[in-house]
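Enquirer: Everything below, folded, please.
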Amino acid sequence: MNNFKLHTLDSAPEKSKAILEGAQKQMGMVPGLYAVMAESPETLKAYTQLHQLFTQTSFDAEELTVVWQTINVEHECHYCVPAHTGIAHSMKVNAELIEALRNDTAMPTEKLQALKDFTLSMVRNRGNVPEAEVTAFYNAGYGPQQVLEVILGLSQKVISNYVNHMADTPVDKVFEKFAWHK
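Expert: Predicted structure coming up:
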């Protein structure tokens, strides 16, 4: 039984309203994910802060997308895969890379493949990444900073993916054209 409410600016708890108003102003809408998370102002705040922090890491737009979508696809998030497809397009990420991530196929470069492989290992092994896989990640040009940044991105995605599973968040109309199912 789904007891989650899609809050509006009027129904949201007072502590969530500023974030919802900011989203409305910036995006022209309150995303469904935010509307659900508004029930817990602390969860909404944590998610939006993690998102902002992750976008400020050393990763470029392609690498951010690889981390986000690798996790979204692995977690089979019906909401986040379409949303991050739209976000990736707005960030001018190569369409072939976007589709490869959605379809769980090979990355266009060895470095991006190493990032995808490491991210998947981080998720699947719950942070207990085998030494050989860490070495491969480092050999691709990444280091301890990026290990920590993948963990930051994973933290953000665990919140959103799990919320969307629990709430069965409807995909926003703007992202419906990017609908995805594993």
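
Enquirer: so where does the closest residue in space to residue 152 that isn't next to it in sequence fall, helix or strand?
Expert: Distances taken as Cβ to Cβ, 6 or more residues apart in numbering put residue 54 closest to residue 152, at 5.3 Å, once the chain neighbours are dropped. The way it works is simple: take the backbone N, C-alpha and C, and place the C-beta from them, glycine included. Assigned by DSSP states H and E, residue 54 belongs to helix 41-55.

Enquirer: Quick one: residues in contact with the next helix or strand after that helix.
Expert: Using DSSP H and E, the helix or strand that follows helix 41-55 in sequence is helix 61-74. Helix 61-74 has contacts (Cβ atoms under 8 Å, 6 or more residues apart in numbering) with 54-55, 57, 59, 80-81, 84-85, 87-88, 91-94, 97-98, 101-102, 104, 107, 112, 115-116, 119-120, 123-124, 149-150, 153-154, 157-158, 161, 182.

Enquirer: repeat that with 6 Å
Expert: 80-81, 84, 88, 91, 93, 101, 104, 112, 115-116, 119-120, 123, 150, 153-154, 157 (Cβ atoms under 6 Å, 6 or more residues apart in numbering).

Enquirer: Let me know how buried residue 22 is, in neighbour terms.
Expert: If you count neighbours by other Cβ atoms under 10 Å, residue 22 ends up with 13.

Enquirer: how far is the helix or strand containing it from where the chain is centred?
Expert: Per DSSP H and E: residue 22 is located in helix 14-27. Its chain's C-alpha centre and that of helix 14-27 lie 19 Å apart, by Cα atoms, centre = their mean, to the nearest Å.

Enquirer: With stretch 123-138 instead?
Expert: Worked out by Cα atoms, centre = their mean, stretch 123-138 lies 20 Å from the chain centre.

Enquirer: and the end-to-end length of that stretch?
Expert: 18 Å (Cα to Cα, to the nearest Å).

Enquirer: Now, the contacts of helix 61-74 that are in helices?
Expert: Those of these mapping onto helices are 80-81, 84, 88, 101, 112, 115-116, 119-120, 123, 150, 153-154, 157, per DSSP state H.

Enquirer: circling back to that earlier point, select only the buried ones of the contacts of helix 61-74 in ChimeraX?
Expert: To isolate the buried subset of these in ChimeraX, counting by 16 or more other Cβ atoms under 10 Å, use the following:
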select :80,81,84,88,93,101,112,115,116,119,120,123,150,153,154,157
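
Enquirer: Quick check: phi and psi on residue 34?
Expert: Here is the backbone geometry of residue 34 (degrees, to the nearest 10): phi -70, psi -40.

Enquirer: Thought residue 21 was touching it, still the case?
Expert: No - contact between residue 34 and residue 21 fails when scored by Cβ atoms under 6 Å: they sit 10.6 Å apart.

Enquirer: Quick check: pLDDT value at the residue sitting nearest the centre point of the chain.
Expert: With distances taken as Cα atoms, centre = their mean, the residue of the chain nearest its centroid is residue 68 (4.0 Å). We have a pLDDT of 98 for residue 68.
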